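Asker: Generate a structure from the sequence data that follows.
(one chain, ligands or ions: 2)
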Amino acid sequence: MEAVIFAGIQATGKTSFYRERFFDTHLRINLDMLRTRHREEILVRACIEAKQPFVIDNTNPSTEERARYIQPARCGGFRVIGYYFRSSVKEALARNAQRTGKARIPEKGIFGTHKRLRLPDFEEGFDDLYYVQVDESGRFIVEGWLNEF
Ligand SMILES: Nc1ncnc2c1ncn2[C@@H]1O[C@H](COP(=O)(O)OP(=O)(O)OP(=O)(O)O)[C@@H](O)[C@H]1O
Ligand SMILES: [Mg+2]
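Answerer: Ligands and ions are numbered 1, 2, ... in the order given. So this is what the prediction gives:
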C-alpha cells in the first residue's frame with residue numbers, strides 16, 4: 001500500500017508523470033478536478049480505508065499541505081513516497097506558455113507557488129523521497145534524495 005505525494009510548482013510534469021507511471025495502479029487525487037478540500041478528504045479517506053494506492057497530484061508546496069495526507073496515510077499503514085518535481089520558474093513558465101486553452105494558467109500562480117515552496121523532508125514522515133526532472137528528450141529522470149542518511 002503506497003501513498004504517493006507530489007510536490008512542485010505548476011507545469012513541471014506532475015500529471016504527465018502520473019499518467020506514465022501510476023495510471024494503471026494508483027487513484028489520482030487532484031484538487032483542481034475535485035474543487036473542494038471536502039471532496040478531497042472524502043476520497044483520501046476512502047482510499048486509506050479501502051487500502052487503495054493513490055497519488056496526490058497537487059503542487060503541495062508547504063509542509064502543512066503535505067502533512068494533511070502523510071499523517072492519515074501512515075496511520076492507515078501506508079508507505080508514504082514523495083516525488084519533488086525539480087524545475088526553475090523560468091522553465092515552468094516556458095512549459096506553461098506552450099499550453100493552450102484552460103490548461104495555461106496565469107503566471108502569477110507559478111510565482112506564488114514558488115514563493116511558498118519548501119522542499120520535502122524525511123522528517124515530515126516520508127518513507128522514500130525522489131527528485132523528478134524532465135531531460136532534453138522529454139524523459140523523466142528520477143533520482144533518490146541526496147540527504148538520505
Ligand atoms: N516528458 C515531457 N517532455 C516534455 N514536455 C512535457 C513532458 N511532460 C510534460 N510536459 C509538458 O509540460 C507541461 C506541464 O506538464 P503537466 O501538465 O504534467 O504539469 P503539472 O506539473 O501537472 O502542472 P500543474 O501543476 O499545472 O497541473 C505540459 O504542457 C506538457 O506538455
Ligand atoms: Mg497537473
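Asker: Tell me where this protein has helices.
Answerer: Secondary structure of the chain (DSSP state H): helices at 14-21, 31-34, 37-50, 63-75, 89-98, 107-116.
Asker: export those helices to JSON lines and tack on mean pLDDT?
Answerer: What follows is the helices of the chain, written out as JSON lines (pLDDT from 0 to 100):
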{"stretch": "helix 14-21", "mean pLDDT": "98"}
{"stretch": "helix 31-34", "mean pLDDT": "97"}
{"stretch": "helix 37-50", "mean pLDDT": "98"}
{"stretch": "helix 63-75", "mean pLDDT": "98"}
{"stretch": "helix 89-98", "mean pLDDT": "97"}
{"stretch": "helix 107-116", "mean pLDDT": "98"}
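Asker: To A3, which of the ones you listed lies closest?
Answerer: A3 lies closest to helix 63-75 among the helices of the chain, at 3.7 Å (CB to CB). No exception for glycine: its C-beta is placed from N, CA and C like everyone else's.
Asker: List the residues that contact the residue lying closest to Y84 once chain neighbours are set aside.
Answerer: Using CB to CB, 6 or more residues apart in numbering and skipping residues adjacent in sequence, the residue nearest Y84 is A7, 5.0 Å away. Contacts of A7 were listed using CB atoms under 8 Å, 6 or more residues apart in numbering, and they are T59, N60, P61, R66, G82, Y83, Y84, F85, L117, L119, P120.
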